[in-house]
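Peer 1: Task: produce atomic coordinates for the following.
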Amino acid sequence: MTHKYFHYDKNYLLKQAQSEAQDHLLQTLIDLVKENYLALHNPLGLIDDAVEKVLDFRENDTLLFDEFYNDLAAIYRYKYGEVQLEFLWDGTSHFKKYSRDWETQFIKWTNEFCAYEPFIKAVFELTVFKTQMTRPELAQSRLKNFLFNHFNLKIYCYKGIVQKDQEFA
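Peer 2: Alright, predicted model coming up:
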């Protein structure tokens, strides 16, 4: 990782914390989507083919969610990032604090997203109901659009993150 500025800049520490937590949090995302789906759509616990497939799904390959994770991490840095380190009075390191804060917010957002059926469908298309005929790019694109619509943001390669209402200002 190359540092352009002060290497104890909050955003560098936060980005490093997000990077180290990626695999764990993406597995958590899949588990939370499964739990929320079963709680919302199968409260009686009836077992049919689809529910059995959801319950039996165990895969640790989260590669298809990398872009989604990176976009969500960028949105978090945009919303909560600042360059000024804060004083921590409890003796923990900034890295641990930012890791803990990021994980808490990621889980909160994931639970929020699970209230929307298009989100659950896209995650399941990339995991539980993935077949060789499935084009993962379509589900990934729907996840990306879901994120941007949920937060009312747009990410550009050269301009960065922009509020949709300020897009052409």
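Peer 1: and the helix or strand harbouring Lys108, what other elements does it pack with?
Peer 2: Using DSSP states H and E, Lys108 sits within helix 94-113. Identification of packing neighbours for helix 94-113 by 3 or more C-beta pairs under 8 Å, 6 or more residues apart in numbering; DSSP states H and E yields helix 10-41, helix 66-80. C-betas here are computed from N, CA, C, even on glycine.
Peer 1: 6 Å instead?
Peer 2: Applying 3 or more C-beta pairs under 6 Å, 6 or more residues apart in numbering; DSSP states H and E, one finds that helix 94-113 contacts helix 10-41.
Peer 1: can you give me the angle the helix or strand following the helix it packs on makes with helix 10-41?
Peer 2: Using DSSP H and E, the helix or strand that follows helix 10-41 in sequence is helix 49-56. Interaxial angle, helix 49-56 versus helix 10-41 (axes from the mean of the first three to the mean of the last three C-alpha atoms, to 10 degrees): 140 degrees.
Peer 1: which ones are touching the residue most central in space within the chain?
Peer 2: For the chain, the residue nearest the mean C-alpha position is Tyr69 (4.2 Å; C-alpha atoms, centre = their mean). Contact partners of Tyr69, counting by C-beta atoms under 6 Å, 6 or more residues apart in numbering, are 22, 26.
Peer 1: Going forward, count from 250.
Peer 2: In the new count, where the first residue is 250, that last one comes out as Tyr318.
Peer 1: Flag the shaky bits of this structure, pLDDT-wise.
Peer 2: 250-259, 331-338, 340, 381-382, 415-418 (pLDDT under 70).
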